[in-house]
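Q: Compute the structure for the input listed below.
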Amino acid sequence: QVQLVESGGGLVQPGGSLRLSCAASGNMVDVDAMGWYRQAPGKERELVAHITTGGITNYGDFVKGRFTISRDNAKKAVYLQMNSLKPEDTAVYYCHMTVVLTVTRNYRDERDYWGQGTQVTVSS
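A: Presented below is the predicted three-dimensional model:
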C-alpha cells in the first residue's frame, strides 16, 4: 500500500518562507508526475505546482516566481520551497503523486495518491 507523508507546514509571518516535503512509501515501481495543490476554506482545491519525471515544472498563476518545486527521484520525494508568503497563501497544502505500481511488457498500472494535507498559515 502506498502512502504519502507530508511535513513542513506551520505558521509564518507575511514575507516569510516555508519548505514543504512529501515522501512516498510502500510497494511501487516508480513515481511519475508529482505536484502540490492547496485548498483554502470555502474554495476549491487548486494547483500550486507540478513537476514531471524529466523536471519540467508548471505553476499556478498566483505563484509569480515565489515558489519552487523540486523532486528527488531516489527518495521518491517532492518539495515545495515557498518564499515571500502572503496571507492569501493560507490553506491546507496537499502533495500528489502518480505512482507506477506495475509495469509489464503490455501493461502499466498507474494510480494517483494524495498526502494527508499540511496546514500553512500566513499571518502576523
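
Q: Tell me if I'm right that residue 82 and residue 67 touch.
A: Yes: with contact defined as C-beta atoms under 8 Å, residue 82 counts as touching residue 67 (4.9 Å). The C-beta positions use only the backbone N, C-alpha and C, and glycine is treated the same way.

Q: Excluding chain neighbours, give the residue nearest to the residue nearest the centre of the chain in space.
A: Nearest residue to the geometric centre of the chain (C-alpha atoms, centre = their mean): residue 36, 2.7 Å. Of all residues not flanking residue 36 in the chain, residue 48 sits nearest, at 4.3 Å (C-beta to C-beta, 6 or more residues apart in numbering).

Q: still on that earlier bit, what bridges to the residue nearest to the centre of the chain?
A: Counting by DSSP bridges, residue 36 is bridged to residue 49, residue 95.

Q: contacting residues around it?
A: Counting by C-beta atoms under 8 Å, 6 or more residues apart in numbering, residue 36 makes contact with 20, 22, 47-50, 69, 78, 80, 93-96.

Q: repeat for residue 97
A: The neighbours of residue 97, taking C-beta under 8 Å, 6+ apart as the test, are 4, 22, 24, 31, 32, 33, 34, 35, 76, 78, 112, 113.
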